[in-house]
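> Sequence and predicted structure, then a few things I'm wondering about:
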Amino acid sequence: MSALTPSGAGPGLESRFLALWGELSEIGRDSSGGYTRAAWTPVDAQLRGWFRSAAAARAMQTEQDCNGNLWAWWGEPGPGAVATGSHLDSVPNGGAFDGPLGVVSGFLAVDLLRERGASPRRPVAVACMSDEEGARFGVACVGSRLMVGDLQPDAARSLSDAAGTSLAQAMATAGADPGAIGADPARTSALSAFVELHVEQGRALADLSAPVGLATGIWPHGRWRLDFEGEPNHAGTTRCEDRRDPMLPLARTVLAARSRAEATGARATLARVAVRPNATNAIASRVQAWLDARAAGTGELEALVEGTVADARAASEAEGVSFAVERESFTQLVELDRPLRERLGKALGGVPELPTAAGHDAGILARRLPTAMLFVRNATGASHSPLEHATTQDCLAGVTALATVLAELTGA
């Protein structure tokens, strides 16, 4: 029988998947039909409560580490542990599967192994990483970046949301200690591997007619804040030639970034904008926009960003607008551990391998320990959207593949 065939639990696996998935289905659901699940909010507290409840139902010990990441343990925590999991937060109006599928699959993979009478020789953890999307405070993968020392505690504490609430304040309000955040070398050194299961963000597996695949690596990517400073004035009485309107260089920058990305097969997106005073009948005084840029290689990414920034500066000068840029986050090209990938591919009987342009906690943790990623087919190819979807049968194939992987890595 194939390692991807949902088996070992009979019809019970499907019913348990639907039940566990259903418990999450109304938490953070918004008017778009999707989900808004921001870090360190009341919705986030509900998600954390669900995680603890799912762990308790399996008699798994739960802990929240100093950076807000949650860990549910099968076996006593110790050296050589194998971890799986993902995240539960989302972008605004996000899809149901991005993140939660990996956490739900982790719990169900443990169920499958237990039903088969497996006795892992290494501890197993199901993890829920904190603030992976960065939707509230602007930096992605906060929990994993802090854990590996990639994000400094003071810089993290000072991050703020659109309302001016700092990460430190939000954590304290939620009952966590912002003074304790920072690198956690004892935890990373105790992990022998981290395997993240994730819905595919794209449709490569759909085109290949494959329910599950392995990631080869993650494109380099980052976020840059572009500041355009103009002059406020009246929309009706100010002649066009007398204006210093920061919206104009922004508009030209959006088009230039798209053109540069298309020419090289890269990705450039400006989708978040803050305008002051944001009034219909007033010329803007200031515009802040965030560039999300990704490319297959570091050189290509640098050229894309440098070119876009040059375009923005030239457009600003032409309109008498001042311009500044600040890099807010950056993730280098990540090649996921090749020996681990080859081992898992063999255990799964051979599955498609593909790169991804989306960032993940596994890519951050790869700096400190061997990591791998399993992708589950996304029938629509859509992501960060209510259109994101994976069939129940493909989700079950993912659970079964993850159980096979955990058995391989733990000697179960």
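Arrived safely, thanks for sending. Residues are numbered from 1 along each chain as shown.

> which outside residues touch the top helix by length along the chain?
Secondary structure of the chain per DSSP state H: the longest helix is helix 298-318. Helix 298-318 is contacted by residues 219-222, 224, 226, 228, 246, 248-250, 252-253, 256-257, 260-261, 264, 266, 268, 291, 293-295, 322-323, 325, 332-333 when judged by Cβ atoms under 8 Å, 6 or more residues apart in numbering. (C-beta placed from N, C-alpha, C; glycine too.)

> Those in helices, which ones?
Per DSSP H, the contacts of helix 298-318 map to helices at 248, 249, 250, 252, 253, 256, 257, 260, 261, 264.

> Can you check the pLDDT for the residue nearest to the second one when sequence neighbours are not counted?
Same thing as residue 249. Spatially, and ignoring its direct neighbours in sequence, residue 249 is nearest to residue 315 (3.7 Å; Cβ to Cβ, 6 or more residues apart in numbering). Here the pLDDT value assigned to residue 315 is 98.

> Could you give the backbone dihedrals for the residue nearest to residue 265 when sequence neighbours are not counted?
Using Cβ to Cβ, 6+ apart and skipping residues adjacent in sequence, the residue nearest residue 265 is residue 296, 7.0 Å away. Note on residue 296: its backbone torsions stand at phi -70, psi -30 [degrees, to the nearest 10].

> okay, which residue of the chain is out on the far edge from center?
Distance from the C-alpha centroid of the chain peaks at residue 237, with 46.1 Å (Cα atoms, centre = their mean).

> roughly how far apart are that one and residue 276?
Relative to residue 276, residue 237 is positioned 19 Å away (criterion: Cβ to Cβ, to the nearest Å).

> which stretches of the stretch 1-150 of the chain form helices?
11-24, 42-56, 100-115, 142-148 (DSSP state H, counting those that start in this stretch).

> Out of the ones in helices among the contacts of helix 298-318, the closest to residue 203 would be?
Of all the ones in helices among the contacts of helix 298-318, residue 261 has the smallest distance to residue 203: 19.1 Å, by Cβ to Cβ.

> Per-residue pLDDT of the closest one, please?
Residue 261 carries a pLDDT value of 98.

> and it, what does it touch?
Per Cβ under 8 Å, 6+ apart, neighbours of residue 261: 267, 268, 293, 304.

> ok, 10 Å please
Taking Cβ atoms under 10 Å, 6 or more residues apart in numbering, we find residue 261 in contact with 267, 268, 269, 293, 294, 295, 300, 304, 307, 308.

> Can I get those in a markdown table including pLDDT?
Output for the contacts of residue 261, formatted as a markdown table (pLDDT from 0 to 100):
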| residue | pLDDT |
| --- | --- |
| 267 | 97 |
| 268 | 98 |
| 269 | 98 |
| 293 | 98 |
| 294 | 97 |
| 295 | 97 |
| 300 | 97 |
| 304 | 98 |
| 307 | 98 |
| 308 | 98 |
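
> the domain parsing of the chain - what is it?
For the chain, automatic domain parsing gives the domain ranges 11-219+333-410, 221-331.

> Report the distance from the last one to the chain centre.
Averaged C-alpha coordinates place domain 221-331 at 24 Å from its chain's average position (Cα atoms, centre = their mean, to the nearest Å).

> Please indicate which of the contacts of residue 261 are buried?
Neighbour-count burial (16 or more other Cβ atoms under 10 Å) applied to the contacts of residue 261 gives 267, 268, 293, 294, 295, 300, 304, 307, 308.

> Residue 154: which of those residues is nearest?
Among the buried ones among the contacts of residue 261, and counting by Cβ to Cβ, the member closest to residue 154 is residue 293, at 26.2 Å.

> residues near residue 292, how many?
18 (other Cβ atoms under 10 Å).

> For the longest helix of the chain, list the C-alpha coordinates in PDB.
Provided in PDB are the C-alpha atoms of helix 298-318 (Å, rounded to 0.1, in the frame of the first residue of the first chain):
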ATOM      1  CA  THR A 298      19.600  36.500  -4.200                       C
ATOM      2  CA  GLY A 299      21.100  38.400  -7.200                       C
ATOM      3  CA  GLU A 300      17.800  38.500  -9.000                       C
ATOM      4  CA  LEU A 301      16.100  39.800  -5.800                       C
ATOM      5  CA  GLU A 302      18.700  42.500  -5.200                       C
ATOM      6  CA  ALA A 303      18.400  43.700  -8.800                       C
ATOM      7  CA  LEU A 304      14.600  43.800  -8.500                       C
ATOM      8  CA  VAL A 305      14.600  45.800  -5.300                       C
ATOM      9  CA  GLU A 306      17.400  48.200  -6.400                       C
ATOM     10  CA  GLY A 307      15.600  48.800  -9.700                       C
ATOM     11  CA  THR A 308      12.300  49.400  -8.000                       C
ATOM     12  CA  VAL A 309      13.800  51.800  -5.500                       C
ATOM     13  CA  ALA A 310      15.600  53.700  -8.200                       C
ATOM     14  CA  ASP A 311      12.300  54.000 -10.100                       C
ATOM     15  CA  ALA A 312      10.500  55.200  -6.900                       C
ATOM     16  CA  ARG A 313      13.300  57.800  -6.300                       C
ATOM     17  CA  ALA A 314      13.200  59.100  -9.900                       C
ATOM     18  CA  ALA A 315       9.400  59.400  -9.800                       C
ATOM     19  CA  SER A 316       9.500  61.200  -6.500                       C
ATOM     20  CA  GLU A 317      12.100  63.700  -7.700                       C
ATOM     21  CA  ALA A 318       9.900  64.400 -10.800                       C
END
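
> What angle do helix 247-264 and it make with each other?
150 degrees (axes from the mean of the first three to the mean of the last three Cα atoms, to 10 degrees).

> Okay, buried residues for helix 298-318 please.
Across helix 298-318, burial judged by 16+ other Cβ under 10 Å covers 300, 301, 304, 305, 307, 308, 309, 311, 312, 313, 315, 316.

> And for stretch 278-296?
The neighbour-count check on stretch 278-296 (16+ other Cβ under 10 Å) flags 282-296 as buried.

> With that, I have no additional questions.
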